[in-house]
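Novice: Dropping the sequence and predicted coords here.
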Amino acid sequence: MAADGADVQQGVLGQVREAIRGQVRGLFGDKVEEKLVQAVGVELPRDEGFGDVSTNAAMVLAKPLAANPRVIGQQVMDGLLRDHANLFEKIELAGAGFVNMTLRLRELLRLALAVPLWGVAFGRLAVAARQKYLVEYVSINPTGPIHVGHGRNAVFGDVIARMLERVGHTVWREYLVNDAGGQIRVLVNSLHIRYRQLFGEEVMLPEGAYPGEYLIEIAKQLRARDGDKWLAVRDEAALFEGLRAFAVESCMALIKADVERMGITFDRYFSEFAMHQGSAMAEAVAALRAKDLVFEGTLPPPKGKEVANYVPVELTLFRATAFGLGEDQAVYNRAGQPTYFGQDIAYHMDKLQRGFDKLVTVVGIDQAGAFKPLAKAIEALCGRADAYHPVPYEMVKVLRNGEPVKLSKRAGNIMLLSEVLDEVGVDAFRFMMLTVKPTTALTFDLAKAVEKSMENPVFYVQYAHARLCAVFRQAGDLGIVQPADVVDEAALEAALAALEGQELSAAARAVVRQVMVYPAVLEQAAASLEPHRLANFASALAAAVHHWYGAEKWLDTADAKATAVRLQVARAAQVILADVLKVCGVLAPESM
RNA sequence: GUGCCCGUAGCUCAGCUGGAUCAGAGCAUCAGCCUUCUAAGCUGACGGUCGGUGGUUCAAGUCCACUCGGGCACGCCA
């Protein structure tokens, strides 16, 4: 096989796809655009009986060519048989025009052999397709420790970053530290009251203050550092000036500790406070004003809600209505302070100025209302509509003993991430967060996360990996000579020749098919920013492995060649399972 | 009043961005498999008019409109 870039990156599946696209170009290149050719894809047939790979080429092209899909399918099929007969055992036309391909066993074995050799090159995008991503995630306000719901954000962001890197993009991880707003004033005041309490003063936390006990700890640290220096201070501005940094850093330390426990770190903690020391906000507003997208105006009173004594005031507004959105958005509030929206614009402009192509932000779906105006502002600033990619995710519900745990920040009974990690462990938490697509609310059952059964997908997948490892250990015990991983393409051909004439059971073939499809899964997961596809794939591959394990005995000392073939497939599955788990940030244990 | 998300088997969820006479897993229920490499597993059976109506299409769980049900937002708050 010509080991050019595309082949290595995608394996047989990529080869087949390119072969089909080549046929399409040759047959209809003068009538269809390249964009349409790119829409031609390959997939695993729904029914295994249909073969290893099928293509939608005929369906995709039928309409633009105004031709019968079966005729198109026939032409593509004929071309494949003529030009790529070496790849296929059999090609059939089926249904409305599907081209079903059964690959030669040799090609599947070549893939199994190549997977350990290629390593992370398997599944990598072509260089031209790679981009610079900034992934912003977690970004919770530094006013206390992180809770379960935010844990989902952390895992999504981390796995999105990992999978983008896995396919070859450049990724920068960032946490926006919201250390400038009103909630920091509340934090400082709450801390100060806890601090005074430490000295025996009888002061109560006011309504709206942060009630968590962590602030008592932080107050003790403050006392240890500064003694009674702040005890008599009552001036809010002086307290804010003096304690802001300490309060924020102390809270950030709590957050970082929990997040790092899950193996998550950031390239930068971006301080909003620091941003406002500079001119970013003014520049962003000026840039939009130059395009007549920022202007001075007044907003109508809030809809759907009676506001007593509403006094309209002239504000600095972003002209969201120019983009068909319901209402213009204030960028500075009535006190002249930047609004959240205004800060977001400035922050995202800063990201753009740092040269990133793609701005991904993992953010709670409750903030979804802000996406559209921000997207328009970003588009106006950089001229690209495809720069901003919010990843909204739904909340987490926790079940303990089958009963929902009430999560209420106000009532103070928030469920902390650290508690959950203590209870179920990092691997189970991370994987469970990934089992469901981001926009589906996730019910996290504490009991199931520690269960050792199919109820618990993380065990199922890890067990599959451990099982594969166990087989290799057992093979060693039985004195079975295990084929060493090939070191180059020449060795691969030699190893392949040595396996000539062997068969693969249906169950083993199903495993190879899963391995084969991995690059496509990675590509789609990365392109759609949907990490749950990786978890689903991991479960599917694990299932294929378990089925195969149950279907036949792999180690047969009486038949070295057949055993060698099976071990090659097992090795490929092991490598891919370990890889996908790594991208998910979950350990691939060698034994359970 | 407006916007966003969800509605698929008794339960929890997938469904590769419009495709193949049976719409898939797991759990639950029922029936099997350890004198074979970890039974933390595997094999069967049962089970759904994909919330509803209409539309676009050769083709709709997937797209559009309307509608019903559930959730979350909707301030110059964060």
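Specialist: That came through, no problem. Residues are numbered from 1 along each chain as shown, chains lettered A, B, ... in the order given.

Novice: most centrally placed residue in chain A?
Specialist: A:I160 (2.4 Å; Cα atoms, centre = their mean).

Novice: how close does that one sit to A:L534?
Specialist: Taking Cβ to Cβ, to the nearest Å as the measure, A:I160 falls 10 Å from A:L534. In this view, the C-beta of every residue, glycine as well, is placed from N, C-alpha and C.

Novice: do A:R268 as well
Specialist: 25 Å.

Novice: Looking at those two, which is more packed in?
Specialist: When A:R268 and A:L534 are compared for neighbours, A:L534 comes out ahead with 27 against 14, by other Cβ atoms under 10 Å.

Novice: Identify the residues contacting that one.
Specialist: By Cβ atoms under 8 Å, 6 or more residues apart in numbering, the contact list for A:L534 reads A:159, A:163, A:434, A:521-522, A:525, A:580, A:583-584.

Novice: can you check A:L61 too?
Specialist: With Cβ under 8 Å, 6+ apart, A:L61 has these contacts: A:24, A:28, A:32, A:36, A:40, A:67, A:69, A:72.

Novice: and it, what element?
Specialist: Applying DSSP states H and E as the criterion places A:L61 in helix A:57-65.

Novice: Could you look up the SS state of A:D30?
Specialist: coil (DSSP: H, G, I helix; E, B strand; the rest coil).

Novice: That one: neighbour count?
Specialist: By the criterion of other Cβ under 10 Å, A:D30 has 6 neighbours.

Novice: From RNA strand B, how far off is it?
Specialist: Distance, A:D30 to RNA strand B, by Cβ to the nearest atom of the strand, to the nearest Å: 21 Å.

Novice: Write out the residues of the stretch 51-200 of chain A neighbouring RNA strand B.
Specialist: Contacts of the stretch 51-200 of chain A with RNA strand B, taken as Cβ under 7 Å from any atom of the strand, map to A:54, A:56, A:59-60, A:62-63, A:69, A:94-96, A:98, A:100, A:141, A:178, A:181-183.

Novice: List the contacts of the residue of the stretch 351-500 of chain A found nearest RNA strand B.
Specialist: At 2.7 Å from RNA strand B, A:Q474 is the closest residue in the stretch 351-500 of chain A, using Cβ to the nearest atom of the strand. Going by Cβ under 8 Å, 6+ apart, A:Q474 touches A:L555.

Novice: Just the element for it, please.
Specialist: Using DSSP H and E, A:Q474 sits within helix A:457-477.

Novice: right, and the helix or strand after that helix?
Specialist: On the C-terminal side of helix A:457-477, the closest following helix or strand by DSSP H and E is helix A:489-498.

Novice: Please spell out which residues along that next one are buried.
Specialist: For helix A:489-498, burial by neighbour count (16 or more other Cβ atoms under 10 Å) applies to A:492, A:495-496.

Novice: Please name every helix or strand in contact with that helix.
Specialist: For helix A:489-498, the helices and strands in contact under the criterion 3 or more Cβ pairs under 8 Å, 6 or more residues apart in numbering; DSSP states H and E are helix A:105-118.

Novice: CA-only coordinates of the helix it packs on in CSV, if you can.
Specialist: These are the backbone C-alpha positions of helix A:105-118, laid out as CSV (Å, rounded to 0.1, in the frame of the first residue of the first chain):
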residue,chain,number,x,y,z
LEU,A,105,-9.7,-10.2,4.6
ARG,A,106,-6.2,-9.2,3.8
GLU,A,107,-7.1,-5.6,4.0
LEU,A,108,-8.7,-6.0,7.4
LEU,A,109,-5.7,-7.8,8.7
ARG,A,110,-3.5,-5.2,7.3
LEU,A,111,-5.4,-2.6,9.3
ALA,A,112,-5.1,-4.7,12.4
LEU,A,113,-1.4,-5.0,12.0
ALA,A,114,-1.0,-1.3,11.1
VAL,A,115,-2.9,0.1,14.0
PRO,A,116,-0.1,-0.4,16.6
LEU,A,117,2.4,0.8,14.1
TRP,A,118,0.5,4.0,13.2
